[in-house]
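Peer 1: Here is a sequence with its predicted model. Questions after.
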Amino acid sequence: MTHHRRTTISVRLKELLPILAVVLTVGAIAGLTVLAPRLGDARQASADASSSPSADTLAASPSASPSASSQPLPKFKTLDAPPAIDKIPKKPKIDPCAVPRNLTVMTFNIKGGRVSPGELGGIAGVIRDSGADVVLLQEVDQNRRRSGNVDQPAIIASQLGMQSVFGANDYITDRGGYGTAILSRFPIDSFDNTHLPNRDGKEQRGVLRASIIVEGQRLVVFNTHLDHTSDSLRQAQIGAVMSKVNAYDGAKLLGGDLNAGSGSGVLSTALGVLSDAGAALGASHDGGGRVDYLLPNSWLKAGDGRVTRTGLSDHHAVSIDFAMRGAEDC
């Protein structure tokens, strides 16, 4: 009986094995069908992790291509440009057509430089009281024994807060000389001194030029002191002076001690180009004559003028107010 049962079970198992095999095969195929895509994704992710740069690497390498990863690149903040470095500010340009430029000019012969260092303060006081912006001095000493071995134009200018330039026409020693000077409240851009024609035994004379910047516009000033003994020599000297004056364009003014009267040929030569701004002012010398002049060109319009008598010199200080017009094309 027992043997019969075992035989029967064995027969049935043999019958079921093919069915079981089919079931297992189908199950295995189904399982592989489900798991295969996930395994592929895992392998791809692993490969990407080992071969592609991280997000941090991409951030540090702007040239990395977006195709290197299947994920979009993160958005980075755009940095603002660094602030520009401030440039050194330029000096403001002054309109050359802005008019008028007002200034007062003085000419003053200070008596052969024969004033003591203490008297230089008196000369500075005369200039200060006149309100002069530009001053033409004649008979000026620089480092000479007779006047205390001092630099006269520098001392006067320092008391007035002005700039000064000196032109030596007679060199007494290697330390100093005798000549003319120009003082200015405005900046002096350049200057030079030119000796004039002379004769044996005569005192050397010269013409001192200074280019002065008046509120952005150039004014060329000439200061001279002509010979006092010979009219023919003065004529030669004024000819040389005017040759220099005519070499410059724009606003210009010739002043100084011409040692010539109002109706002289010397003055007529100068007035061929310039005008006599102080014609109505009268005598400028203790002797009663008029020898000290301020002669502007058409760029300068003369206003009020004054003759100041002092006990510091045998000449009087002559000062005139001017209005300087703008550039020629205004």
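Peer 2: In hand now; what should we look at?
Peer 1: CA only for contacts and neighbour counts going forward, please
Peer 2: OK.
Peer 1: What segments of the stretch 101-250 of the chain are helices?
Peer 2: Here the stretch 101-250 of the chain has its helices, by DSSP state H, counting those that start in this stretch, at 120-130, 152-160, 231-245.
Peer 1: between the ones you listed, which gets nearest to T194?
Peer 2: For the helices of the stretch 101-250 of the chain, distance to T194 was read as CA to CA. The smallest value, 8.9 Å, belongs to helix 231-245.
Peer 1: So for the closest one, mean pLDDT?
Peer 2: Model confidence over helix 231-245, given as mean pLDDT, is 97.
Peer 1: What are the buried residues along the following helix or strand past it?
Peer 2: Once helix 231-245 ends, the next helix or strand along the chain (criterion: DSSP states H and E) is strand 251-257. Going by neighbour count (16 or more other CA atoms under 10 Å), the buried part of strand 251-257 is A251, K252, L253, L254, G255, G256, D257.
Peer 1: Tabulate the residues you listed in JSON lines, adding columns for distance to G131.
Peer 2: Shown next, in JSON lines, are the buried residues of strand 251-257 (distance: CA to CA, whole Å):
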{"residue": "A251", "distance to G131": "21"}
{"residue": "K252", "distance to G131": "20"}
{"residue": "L253", "distance to G131": "18"}
{"residue": "L254", "distance to G131": "19"}
{"residue": "G255", "distance to G131": "17"}
{"residue": "G256", "distance to G131": "18"}
{"residue": "D257", "distance to G131": "21"}
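Peer 1: want to throw the residues you listed into CSV with pLDDT and distance to S230?
Peer 2: As requested, those are arranged in CSV below (pLDDT from 0 to 100; distance: CA to CA, whole Å):
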residue, pLDDT, distance to S230
A251, 95, 31
K252, 97, 27
L253, 98, 25
L254, 98, 21
G255, 98, 20
G256, 98, 17
D257, 97, 14
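Peer 1: Domains in this structure, by residue range?
Peer 2: 2-68, 101-324 (automatic domain parsing).
Peer 1: Lowest mean pLDDT across the ones you listed, which one is that?
Peer 2: When the domains of the chain are compared on mean pLDDT, domain 2-68 scores lowest, with a mean of 53.
Peer 1: picking that back up, from the buried residues of strand 251-257, which two are the most distant?
Peer 2: Based on CA to CA, the longest span within those runs between A251 and D257 and measures 20.7 Å.
Peer 1: deepest of the domains of the chain, which one?
Peer 2: domain 101-324 (a mean of 19; mean count of other CA atoms under 10 Å).
Peer 1: before we move on, back to that, TSV for the helices of the stretch 101-250 of the chain, including distance to T194?
Peer 2: Converted to TSV, the helices of the stretch 101-250 of the chain look like this (distance: least, CA to CA, whole Å):
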stretch	distance to T194
helix 120-130	26
helix 152-160	18
helix 231-245	9
